[in-house]
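In: Coordinates for the following, if possible.
(chains A and B)
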Amino acid sequence: MAFTLPSASLLSQSILSGVFVGALYGLMGLGLSLSWGLLRLINLAHFAFAFLAAYLCYQMATMGVDPLLTLVAIVPLFFAIGASLHWVMARFSVTPFNSLLLTFGLMGIVEAVIQTIWTADFRKLESTYAQQKFKLGGLFVPIPEFITLLLAVGISLAVWAVLRYTDLGKAMRAAAEDAAIASAFGVNQQRNALLLAGTCAALASIAGVCLALSFTLAPSQMYAWIGVVFAAVMLGGLGRALGPLIAGTLIGVSEAITMAVTAPSWAPIVSFTLLIVILVLRPGKAA
Amino acid sequence: MKRTPLLIIGAGVLLAFVPTLGLPAFYDSLLYLMLHWIVLATSWNMLSGYTGYFSFGHGAFFGAGLYTTSTLLAKDDWPFLWTLPVAALVAALLGVALGAVVFRVKSVRGELFALLTLAITFVIGTIVVNTPLDGGNGVSLAAVPLPAIGPTPSSSFYLLALAAATLTMLIAWAIFVSKFGAGLFAIHDDEDAAEVMGVPTYRYKLIALGVSCALAGVAGGIHAMFLSYVTVGEVFTITVPLTVVLMSVLGGTRHWAGPAVGAVAITGLLYSFTAADHAIAGKAMIGAVLIAAILFMPDGILLRLKRAFGKRAASPEGGAVHAASHGPTPAAAAMASPVMQPSHATHGELLLCVRGLQKSFRGVRALTGVDVDVRRGEILGLLGPNGSGKSTFINVVTGHYLPTGGQIVFEGRELAGLPAHRIAAAGIARTYQIPRPFAHLSVLDNVALATMFGGAIHDVAAARRQAMTWLEFTGLHTKSGARPDDLNLHQRKFLELARALASRPRLVLLDEVLCGLTPSEIDDAVALIRRIRDQGSTIVFVEHVMRAVMALTDRVVVFNHGVLLAEGNATDVMQRPEVMTAYLGSPHKEAAHA
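Out: Alright, predicted model coming up:
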C-alpha cells in the first residue's frame, strides 16, 4: 500500500464524489432493504431490474426522450413486474434463502435478455445533463450525480415518513413482525405485500435511471454492485428507510478517501471490512 | 451401509480407465470440470448443507488454495503435486481462523453468515490483487511442468480431479452417516437445543468448516494448474459460491450425494450450451432451471426422486421408517425401561448443590443469589409466580446462560461456566416448556441424537435401537417414523421427555411439561414422570398445575423475584402466608416484601 497524501481540494472533491456514489448505493439498497426486512425475501433480481431500467432509459433517450421523463413509463412498468414476481413467490411460499437463489436465476435470465438486445458492449447514455456541472465553493458538482443525490434523499425520506406515520406503513411493519397476528387485526397482508414488492421494484428502476445518467452500462456490471449494496443494506439495518442511504454514503465516502489516499484497487476493502466488523461486533442491529 | 464406500471407490477406479478409451481431449476437459465442481459443491455442502450455515465464501477458500499452489509453483519452483497438501492446509487454516471468530457470535446465522462470508471473499480478493501474490496482473503457470499422471495432459487433470472427487465423496458419506453428521443436522434444525442435548456445536461447526475448506483448497490447487493463468477477477467472485449453492440446492443439500448430482447436471447443461455457441441462451437456461427447481423441487432432485420411487434408504429419515415397521409391541415397552438405568441405591445423598446463584440480564436481576439442594432420587418441585426466575434457573443450570455469580456443584463437580454440551455430558438433561424438536429429523432420530450425545454411543444403528426403547417407554413408538410436525402437543411434550431420558441423565429438569395439556393427558404425564423417577433419575419439576405438584413432589422450593421464598413439604409450603402472598397478592401493604 503506497500512501500519498492528496491536496485538500482534491480530497474534498473525492469526498463529494463519494457522497454521490454513496447516494446511488443507498437508492439501490432501499428497495432491497425493504424487501428483505419487511417481506423476508432477498431479491437479487433487484440489481437486474435496476439494469433493465437503465437500459430502457438509455434506449428511450437515444430515441430523443428526456432521461428523467422516461421514469413516467419505467416506474409503473417495474411496479407491475415486482408485484407479479412477488405473487409467484407467495404462491409457492418460497423461503428467504430460496428466494435468494430463485432471484439469482431470474438475474441470469435478465442478463441474457439484456445481452441479446443491447449486446455485451459498453453503452453510455448521451443526454443534455451529461456534461453539465456547476461550481459550489470551489467544488465541481456534476448535474447527473446531483439529480441522483436529490432523488435518493427525497425518496428515502418519503418512504421513511410513509412507514412511520401512515396506517399502511404501520400495517406493513406489523406484518413483518408477525404476519398471522397482523392478519388477525385486520391487516390485508397479501395486498400490502404486493404493494410493497411493486414499490421495491419501482425503487430499483429509479436507481437504474440514475445509474444510466452517470455510469457506463454493460450487462455483466450488475454483479459488481451486489457486494457493496448489500454491505450498505446490512449496515443500515434491514427494513429501515433511511439506513441504506446513510450507510451507503458512509461507504461511498470511505471508498473515495481510500482511493484518493492509496490506489483504486484497494477500494472494496473498506466497505467489506466495515460490513464484517459490524456483523461481528454489533449483530443485533442488522438482525 | 458399508456397501456405499465400496461403491464410491469402485466408481472411482472404474472411471480411472476412461483416458485409455482414447476419447477426444475435450471429453477429458468436460469430465474434469464435472469432477471439479463435484469436489467444490460436495465440500461446500459438508458445512453449509448439513448445518444450514450457508457460506458464500467458498470462493475465498477455493481461491486460497489456488493462489497457494500458483505462488509455490511460480515463485518457489515447488513440484506441483507437493503444493496440493499445502493448498489444503492454507485453505483449512483460513477457514478455521475465520470460524473461530465468527462461530462465537451467536447472532451470525442464516443470511448474516452468508453475507459475512461473501464479504470476506472480497476482502481476501482485494488483498491478493494488491500484494505480490498476484500484483494485479495475474500469475502465469505456463512454464510449470505437469507430472505425467495420465497418457495426455488433459487426462492427467482428469485423473487428479477424479482422485479428489472420490476422496471428497467418501468424506461426505462418512460424515453423513456418523454421529458427527447427526450432530451437524441437529445444528441445522435448532442449534441451542442441540447444544443443550450435548452436541459440541462450536467444535463441530469448526471441524466441518475446516474439512470443507481443505477440500476446496485442493480443488483450487488443481484448478490453478488447469487454468495455467490465474487472475483474482475469476476466483474471488460471487460466481463460485453461487454456482456451488445452485448445484447443491438443485441436487439436494440434505443428502451426501445431492451436490454431486447437481454438479453433473449443471456442468453438463452449461457445457452443452457453450459447446454449441449459445452461451447467452445457456445463461438464461440455467436461470430458468434454477427457478423451476426452487419452485417445484425445493428439497432437491435426489430427495424428490427418492420420494417418487418410494425408496428412502441411507438417509437418517429412511432408517427411522425401517425401525418403525419392526417396532416391538407395547407389551415389550413395559419391560424395556427398568434395566436401562443403574439402581438408585444411594437415595438421599446430595446430587446438585446450588449456592448463591445469580443471573442478571443487563439491569434485570432474574436470580439474586438462590441456594437450592437436590437430593438423589427425589422429585423436587420448583414453584413460583410467572417471572420469579424458575426458567432462568433451568437455563443457567443447563448452561444455556452463563451465571453472573454463584456455584453449581453436580456430583462434586463445579459446572458454572461450562458450555452446555459439557453439562449435558455430565448427566443433566432438560425439557423445554414449548417443545423444541429437530423439525427435519424423525421422532426416532430426535431421540437417537440424545442417545448418542448424552449416552456416548458412537454407532448410529445402536443409538436408534436404544432410542426405540425410550419411545416405547413414553408410548411414542407407533410414531417413530413421523416428523415432529405431525405430532400433537401432548405427543410433542412426551417426545421432549423421551429425548431428555435418552441421554440417561442423573438429573432431569422438566420445564412445565403439563402446561397446555388436558386433564386426562395430565394424568398420563404424571404416571410417566413417576416411572421416570422409578427407573433412577432425579427430577426437578417446574410446574403450575398444583394437583400434579401435590401428587408428585417429595419437596418443593418456591421462588419469588429471583430469591428463594420457601422450602419444604408441598402441603405445608403452600399454606405459608408469604407463599400465598406471592401467588395471590398481599392483603395489606407491609406483607408485600415479606
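In: contacts and neighbour counts: CA atoms only from here.
Out: Noted.
In: for chain B, what are the nearby residues on chain A?
Out: Among all residues of chain A, those adjacent to chain B (criterion: Cα under 8 Å from any Cα of the partner chain) are A:1, A:92, A:94, A:97-98, A:101-113, A:115-116, A:223, A:227, A:230, A:265-266, A:268-269, A:272-273, A:275-276, A:279-280, A:283-284, A:287.
In: Now, the residues you listed that are in helices?
Out: Within those, residues falling in helices by DSSP state H are A:97-98, A:101-113, A:115-116, A:227, A:230, A:268-269, A:272-273, A:275-276, A:279-280, A:283-284.
In: buried subset of those?
Out: Buried by 16 or more other Cα atoms under 10 Å in any protein chain shown: A:97-98, A:101-113, A:115, A:227, A:230, A:268-269, A:272-273, A:275-276, A:279-280, A:283, out of those.
In: element containing whichever residue of the stretch 251-400 of chain B sits closest to chain A?
Out: Using Cα to the nearest Cα, the single residue of the stretch 251-400 of chain B nearest to chain A is B:Gly287, 3.6 Å away. Under the criterion of DSSP states H and E, B:Gly287 resides in helix B:279-296.
In: Tell me which residues of the following helix or strand past that helix come out buried.
Out: On the C-terminal side of helix B:279-296, the closest following helix or strand by DSSP H and E is helix B:301-309. Buried positions in helix B:301-309, judged by neighbour count with 16+ other Cα under 10 Å: B:Ile301, B:Leu302, B:Leu303, B:Arg304.
In: got a list of contacts for helix B:301-309?
Out: By Cα atoms under 8 Å, 6 or more residues apart in numbering or on different chains, the list of residues contacting helix B:301-309 from outside reads B:Leu250, B:Gly251, B:Gly252, B:His255, B:Gly258, B:Val261, B:Gly262, B:Met297, B:Arg312.
In: What separation is there between B:Ile8 and chain A?
Out: 30 Å (Cα to the nearest Cα, to the nearest Å).
In: cool, and B:Thr451?
Out: Distance from B:Thr451 to chain A, counting by Cα to the nearest Cα: 32 Å.
In: any idea which element that residue lies in?
Out: B:Thr451 belongs to helix B:443-455, assigned by DSSP H and E.
In: do A:Ile246 as well
Out: Once you assign secondary structure using DSSP H and E, A:Ile246 falls within helix A:243-261.
In: Now do that helix: which elements does it pack against?
Out: Other elements packing on helix A:243-261 under the criterion 3 or more Cα pairs under 8 Å, 6 or more residues apart in numbering or on different chains; DSSP states H and E are helix A:8-39, helix A:143-165, helix A:226-236, helix A:267-281.
In: can we see that at 7 Å?
Out: Under the contact criterion of 3 or more Cα pairs under 7 Å, 6 or more residues apart in numbering or on different chains; DSSP states H and E, the helices and strands touching helix A:243-261 comprise helix A:8-39, helix A:226-236, helix A:267-281.
In: how much does the shortest one deviate in direction from helix A:8-39?
Out: Right, the one you point to is helix A:226-236. If you take axes from the mean of the first three to the mean of the last three Cα atoms, to 10 degrees, helix A:226-236 sits at 80 degrees to helix A:8-39.
In: any idea of the pLDDT on the closest residue to A:Ser183 other than its chain neighbours?
Out: On the basis of Cα to Cα, 6 or more residues apart in numbering or on different chains, the spatially nearest residue to A:Ser183 that is not a chain neighbour turns out to be A:Gln189, at 6.3 Å. According to the model's per-residue confidence, A:Gln189 sits at a pLDDT of 83.
In: returning to what we had before: so which of the buried residues of helix B:301-309 comes closest to B:Thr581?
Out: When the buried residues of helix B:301-309 are compared for distance to B:Thr581 (Cα to Cα), B:Leu303 comes out closest, at 58.1 Å.
In: what's next to the helix holding B:Gly287, contact-wise?
Out: A:Phe92, A:Asn98, A:Leu102, A:Gly105, A:Leu106, A:Gly108, A:Ile109, A:Ala112, B:Leu250, B:Leu270, B:Phe273 (Cα atoms under 7 Å, 6 or more residues apart in numbering or on different chains).
In: Try it again at 6 Å.
Out: Contacts of helix B:279-296 with the rest of the structure, by Cα atoms under 6 Å, 6 or more residues apart in numbering or on different chains, involve A:Leu102, A:Gly105, A:Leu106, A:Gly108, A:Ile109, A:Ala112, B:Phe273.
In: In the stretch 1-150 of chain A, which residue sits closest to chain B?
Out: Counting by Cα to the nearest Cα, the stretch 1-150 of chain A gets nearest to chain B through A:Gly105 (3.6 Å).
In: what's the neighbour count on the residue nearest to that residue when sequence neighbours are not counted?
Out: The shortest distance from A:Gly105 to any residue that is not its chain neighbour, by Cα to Cα, 6+ apart, is 3.6 Å, and that residue is B:Gly287. Applying other Cα atoms under 10 Å in any protein chain shown, we find 25 other residues in the vicinity of B:Gly287.
In: Ok, the one 5 residues further on next?
Out: Neighbours of B:Ala292 under the rule other Cα under 10 Å: 15.
In: same check, this time on A:Lys135
Out: 9.
In: secondary structure class for it?
Out: strand (DSSP: H, G, I helix; E, B strand; the rest coil).
In: Bridging across strands, which residues link to the residue lying closest to it once chain neighbours are set aside?
Out: Counting by Cα to Cα, 6+ apart, the nearest residue to A:Lys135 once its immediate chain neighbours are dropped is A:Val141, at 5.9 Å. With DSSP bridges as the criterion, the beta-bridge partners of A:Val141 are A:Phe134.
In: hang on, A:Val141 packs against A:Lys133?
Out: Yes: with the criterion set as Cα atoms under 6 Å, A:Val141 and A:Lys133 qualify as a contacting pair; they are 5.3 Å apart.
In: out of these two, which sits in the busier spot?
Out: In this comparison of A:Val141 against A:Lys133, neighbours counted by other Cα under 10 Å, the higher total goes to A:Val141 at 18 against 15.
In: The more buried one: what's it in contact with?
Out: Shown in contact with A:Val141 (Cα under 6 Å, 6+ apart): A:Lys133, A:Phe134, A:Lys135.
In: Retrieve the pLDDT associated with it.
Out: Looking at A:Val141, the pLDDT reads 85.
In: for the chain, which spans come out with low pLDDT?
Out: No chain specified, so I'll use chain A. Applying pLDDT under 70 to chain A flags the ranges A:1-5, A:282-287.
In: wrong one, chain B
Out: B:1, B:275-277, B:310-347, B:586-594.
In: how about the residues of it that lie near chain A?
Out: For chain B, the contact set with chain A under Cα under 6 Å from any Cα of the partner chain comprises B:Leu116, B:Ala119, B:Val123, B:Ile280, B:Lys283, B:Ala284, B:Gly287, B:Leu290, B:Ile291.
In: and the fifth one, how many neighbours does it have?
Out: A count of neighbours around B:Lys283, defined by other Cα under 10 Å, yields 22.
In: Report the secondary structure state of the nearest residue to B:Leu81 once chain neighbours are set aside.
Out: Using Cα to Cα, 6+ apart and skipping residues adjacent in sequence, the residue nearest B:Leu81 is B:Pro147, 8.0 Å away. Under three-state DSSP, B:Pro147 falls in the coil class.
In: sorry, back to before: okay, angle between the helix holding A:Ile246 and helix A:226-236 too, please.
Out: With the same axes, to 10 degrees applied, the angle from helix A:243-261 to helix A:226-236 works out at 120 degrees.
In: of all the buried residues of helix B:301-309, which comes closest to B:Ser480?
Out: When the buried residues of helix B:301-309 are compared for distance to B:Ser480, the smallest value, 20.0 Å, is given by B:Leu303; criterion: Cα to Cα.
In: So that closest one versus A:Met234, what's the distance?
Out: Computed as Cα to Cα, to the nearest Å, the B:Leu303 to A:Met234 distance reads 34 Å.
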